[in-house]
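**Q** pasting the sequence and the predicted coordinates here, then a few questions.
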Amino acid sequence: MNNTGKSKMTNYRWAICGMLFFATLVNYMDRQVLSLTWEGFIAPEFHWTNKSYGLITGLFSLFYAVSMLFAGRFVDWMDTKKGFLWSIGVWSVGAVLHAFCGIATSGIMTGEWFVGFAGAKEAIATVSDVGMIINVSVTLFIFARLVLAIGEAGNFPAAIKATAEYFPKKDRAYATSVFNAGSTIGALVAPLCIPLLAQHWGWEMAFIIIGALGFIWMGFWIFIYKKPEEHPKVNKLELEYILSDDKEEKITPAKEKTSFLQCFKYRQTWAFAFGKFMTDGVWWFYLFWAPAYLSQVYGLKLNNSGDSRGMIALAVLYIIVMLSLYGGKLPSIIIKKTGKNPYAARMQAMLIFAFFPLLVLLAQPLGHISYWIPVVLIGIAGAAHQSWSANIFSTVGDMFPKKAIATITGIGGMAGGIGSLIIQFAAGWLFDYSKETGMKIFGFEGISSGYFIVFGVCAVAYLIGWVVMKSLVPKYKPITDL
């Protein structure tokens with residue numbers, strides 16, 4: 001450690017935050033490739049329906065949920081640096097595996113394995129059993145999503161743990177909102193480049209190119225990350241600032257080992273988990289289904305190079321979501337003006353953010369005027385979610401000792417994954433059902449009525465989540481015996 005005693009404090013913690021930002025950006029780009037290619041490029045080749053896609057995304061959510069339960073524990077065991085390396089390495093392999101699902105389908109269906117991407121398409125086109133093509137291809141994509149989910153589950157436990165190691169509590173929500181903005185930027189960049197990659201080089205190369213970004217990040221992480229106490233680029237003043245919570249609070253010495261089951265005895269754990277259960281699925285719905293929504297309801301395609309309206313609409317949507325970068329600042333402002341503790345300020349901020357998603361109730365009713373209205377409203381709801389997310393993640397650092405943060409984050413991530421599983425399965429089934437039956441509700445017909453129902457659920461989820469969280473943990477109460 002550099003203890004030169006310089007009068008000016010170093011700011012290396014923000015370099016670490018930058019690495020977390022890029023990891024999250026890559027995480028979300030890898031996650032988005034399928035949602036941006038399935039309808040225009042993959043579905044015609046494998047004859048997928050909304051149910052096929054809903055099954056794949058739903059099972060991804062399930063795999064992610066289960067993996068999150070163990071990922072947090074794994075990161076706490078391996079520690080931040082090694083845990084993150086394993087995580088991004090596994091999910092990058094999973095991302096690349098998607099590209100070979102076509103060849104594997106060809107091999108299983110026709111016995112032709114060494115045919116290349118183009119040859120696989122030609123071979124599959126000769127198969128008359130459409131049902132078998134769907135079943136085989138969906139199964140292979142589910143396996144690729146399994147590997148992706150296992151790796152991606154480690155991103156947020158590792159990132160939240162790194163944030164707790166490099167930032168005092170008062171700065172963690174803002175630092176979290178900064179690195180969490182990587183998910184928004186990733187979702188913004190994805191529709192601008194992934195459809196073009198798929199258009200010019202095939203959907204397979206889109207998975208390979210985006211997946212390779214994770215391996216590049218790993219090379220930087222190996223040399224950049226060390227604990228702040230050990231890092232030569234963190235001087236004495238910055239280290240004192242990072243560890244300022246340890247001086248301000250008198251915490252009972254924690255036990256050397258954290259019992260996994262013991263974590264569930266605390267109301268704080270259940271509050272965090274329920275908040276994630278109610279809201280994570282909403283964000284994943286926007287992320288996975290927004291391209292299909294614009295295509296199925298408004299006819300905006302992502303596979304037509306002559307019509308860029310779909311890509312522009314998605315780009316605008318996620319530009320609006322970028323407003324969430326300031327979501328982590330609100331608790332700091334509340335603390336300065338009211339003197340509230342970090343948890344109370346965070347809960348107040350989260351209540352404010354919980355009202356904005358109600359705007360999506362108007363997305364379908366006003367969509368007949370212009371598709372830009374639902375784009376803007378969903379963008380605002382997405383920004384509210386990311387602001388909510390930055391703060392709910394920070395409540396873990398407020399309540400739990402550093403050595404348990406990744407484990408608790410994993411438990412909450414599991415709950416969020418289960419919530420997403422429910423909404424993905426339900427959405428896929430509902431959209432096909434409403435389309436096939438011409439279902440009518442509140443003046444909407446067909447698939448539009450299905451989207452109206454799901455948007456209604458998304459709108460109220462945050463207020464329900466906040467009320468339950470506040471009921472479980474009404475006041476700031478840090479865990480001192482874990």
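**A** Yes, it's here.
**Q** to the chain's geometric centre, what's the distance from stretch 111-123?
**A** A distance of 33 Å separates the centroid of the chain from that of stretch 111-123, by C-alpha atoms, centre = their mean, to the nearest Å.
**Q** same question for stretch 291-307.
**A** Per C-alpha atoms, centre = their mean, the centroid offset for stretch 291-307 relative to its chain is 23 Å.
**Q** all helices of the stretch 1-150 of the chain, in order?
**A** With helices called from DSSP state H, counting those that start in this stretch, the stretch 1-150 of the chain shows them at 12-37, 43-46, 50-78, 80-97, 101-110, 116-125, 130-152.
**Q** any idea which of those helices gets closest to Thr184?
**A** Nearest of the helices of the stretch 1-150 of the chain to Thr184, taken as C-beta to C-beta: helix 12-37 at 8.0 Å. Using the backbone N, CA and C atoms, a C-beta is placed for each residue, glycine as well.
**Q** for that closest one, list every residue counted as buried.
**A** Buried residues in helix 12-37, counting neighbours by 16 or more other C-beta atoms under 10 Å, are found at 12-13, 16-17, 19-37.
**Q** tell me, how many residues neighbour Ser449?
**A** 22 (other C-beta atoms under 10 Å).
**Q** need the contact list for it.
**A** Ser449 is in contact with Ser434, Met439, Lys440, Ile441, Phe442, counting by C-beta atoms under 8 Å, 6 or more residues apart in numbering.
**Q** by neighbour count, which of these wins?
**A** Neighbour-wise, these (other C-beta under 10 Å) top out at Ser434, 23 neighbours.
**Q** and the pLDDT at that residue?
**A** Reported pLDDT at Ser434 in the predicted model: 91.
**Q** surely it meets Gly446?
**A** Yes: counting by C-beta atoms under 8 Å, Ser434 does reach Gly446; the two are 5.8 Å apart.
**Q** closest one to Asp280 among the helices of the stretch 1-150 of the chain?
**A** Judging the helices of the stretch 1-150 of the chain by C-beta to C-beta, what sits closest to Asp280 is helix 50-78, at 8.7 Å.
**Q** please point out which parts of the closest one sit buried.
**A** For helix 50-78, by 16+ other C-beta under 10 Å, it's 50-76, 78.
**Q** quick one: that helix to helix 80-97, angle?
**A** Interaxial angle of helix 50-78 relative to helix 80-97 (axes from the mean of the first three to the mean of the last three C-alpha atoms, to 10 degrees): 160 degrees.
**Q** gap between helix 50-78 and the chain center?
**A** Here helix 50-78 is found 11 Å from its chain centre; the criterion is C-alpha atoms, centre = their mean.
**Q** what packs against that helix?
**A** Judged by 3 or more C-beta pairs under 8 Å, 6 or more residues apart in numbering; DSSP states H and E, the packing partners of helix 50-78 are helix 12-37, helix 43-46, helix 80-97, helix 130-152, helix 155-166, helix 267-298, helix 405-437.
**Q** mind putting those helices into a markdown table with distance to Phe223?
**A** A markdown table is the format used below for the helices and strands packed on helix 50-78 (distance: least, C-beta to C-beta, whole Å):
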| stretch | distance to Phe223 |
| --- | --- |
| helix 12-37 | 11 |
| helix 43-46 | 41 |
| helix 80-97 | 11 |
| helix 130-152 | 21 |
| helix 155-166 | 15 |
| helix 267-298 | 32 |
| helix 405-437 | 22 |
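**Q** any idea which of these is most buried?
**A** For the helices and strands packed on helix 50-78, the largest average neighbour count (mean count of other C-beta atoms under 10 Å) is found in helix 155-166, namely a mean of 27.
**Q** helix or strand right after that one?
**A** Scanning forward in sequence from helix 155-166 by DSSP states H and E, the next helix or strand is helix 169-201.
**Q** helices or strands up against that next one?
**A** Against helix 169-201 (3+ C-beta pairs under 8 Å, 6+ apart) you get helix 12-37, helix 155-166, helix 203-224, helix 309-321, helix 329-338, helix 342-355, helix 372-399.
**Q** where's Trp270 relative to Val360, distance?
**A** Separation of Trp270 from Val360 (C-beta to C-beta, to the nearest Å) stands at 27 Å.
**Q** now Tyr433
**A** According to C-beta to C-beta, Tyr433 and Val360 sit 21 Å apart.
**Q** thought Tyr28 was touching Phe288?
**A** No: taking C-beta under 8 Å as the definition, Tyr28 is not a contact partner of Phe288, at 11.2 Å.
**Q** tell me, how many neighbours does Lys8 end up with?
**A** Under the criterion other C-beta under 10 Å, the count of neighbours that Lys8 has is 8.
**Q** now do the contacts for it.
**A** Contacts of Lys8 by C-beta under 8 Å, 6+ apart are Leu237.
**Q** just the pLDDT for it.
**A** At Lys8, the pLDDT recorded in the model is 88.
**Q** name the nearest residue to Leu59, ignoring sequence neighbours.
**A** Distance criterion C-beta to C-beta, 6 or more residues apart in numbering; nearest residue to Leu59, sequence neighbours excluded, is Ile142 at 5.3 Å.
**Q** Met132 now?
**A** Leaving aside its chain neighbours, Met132 sits nearest to Met109 (6.7 Å; criterion: C-beta to C-beta, 6+ apart).
**Q** cool, Ala390 as well?
**A** Nearest non-adjacent residue to Ala390 (C-beta to C-beta, 6+ apart): Ser177, at 3.7 Å.
**Q** count the residues that sit near that neighbour.
**A** With other C-beta under 10 Å as criterion, Ser177 counts 25.
**Q** I'd like the average pLDDT over stretch 192-205.
**A** 90.
**Q** and the contacts of that stretch?
**A** With contact meaning C-beta under 8 Å, 6+ apart, stretch 192-205 is reached by 29, 32-33, 36-37, 40-42, 98-100, 102, 117-118, 206, 209-210, 302-303, 305, 310-311, 315.
**Q** gap between the residue found closest to Gly151 once you drop the neighbours it is linked to in the chain and Phe141?
**A** Nearest residue to Gly151 in three dimensions, chain neighbours excluded: Trp91, at 2.7 Å (C-beta to C-beta, 6+ apart). Look at Trp91 and Phe141: by C-beta to C-beta, they are 15 Å apart.
**Q** stretch 182-196: how far from the chain's middle?
**A** On C-alpha atoms, centre = their mean, the centre of stretch 182-196 falls 13 Å from the chain's centre.
**Q** again, but for stretch 186-205
**A** The answer for stretch 186-205 is 19 Å, by C-alpha atoms, centre = their mean.
**Q** tabulate the CA atom coordinates of that stretch in PDB.
**A** The C-alpha trace of stretch 186-205 is given here as PDB (Å, rounded to 0.1, in the frame of the first residue of the first chain):
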ATOM      1  CA  GLY A 186     -25.400  -2.400 -22.600                       C
ATOM      2  CA  ALA A 187     -29.100  -2.500 -23.300                       C
ATOM      3  CA  LEU A 188     -28.700   0.700 -25.300                       C
ATOM      4  CA  VAL A 189     -25.700  -0.400 -27.400                       C
ATOM      5  CA  ALA A 190     -27.100  -3.800 -28.000                       C
ATOM      6  CA  PRO A 191     -29.900  -2.900 -30.400                       C
ATOM      7  CA  LEU A 192     -27.600  -0.600 -32.300                       C
ATOM      8  CA  CYS A 193     -25.000  -3.200 -33.100                       C
ATOM      9  CA  ILE A 194     -26.400  -6.800 -32.600                       C
ATOM     10  CA  PRO A 195     -29.000  -6.700 -35.300                       C
ATOM     11  CA  LEU A 196     -26.400  -5.300 -37.700                       C
ATOM     12  CA  LEU A 197     -23.900  -8.000 -36.800                       C
ATOM     13  CA  ALA A 198     -26.700 -10.600 -37.300                       C
ATOM     14  CA  GLN A 199     -27.700  -9.000 -40.600                       C
ATOM     15  CA  HIS A 200     -24.200  -8.900 -42.100                       C
ATOM     16  CA  TRP A 201     -22.400 -11.900 -40.500                       C
ATOM     17  CA  GLY A 202     -25.300 -14.100 -39.200                       C
ATOM     18  CA  TRP A 203     -26.800 -14.400 -35.800                       C
ATOM     19  CA  GLU A 204     -24.100 -16.900 -34.800                       C
ATOM     20  CA  MET A 205     -21.300 -14.300 -35.100                       C
END
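**Q** I appreciate the help and will end here.
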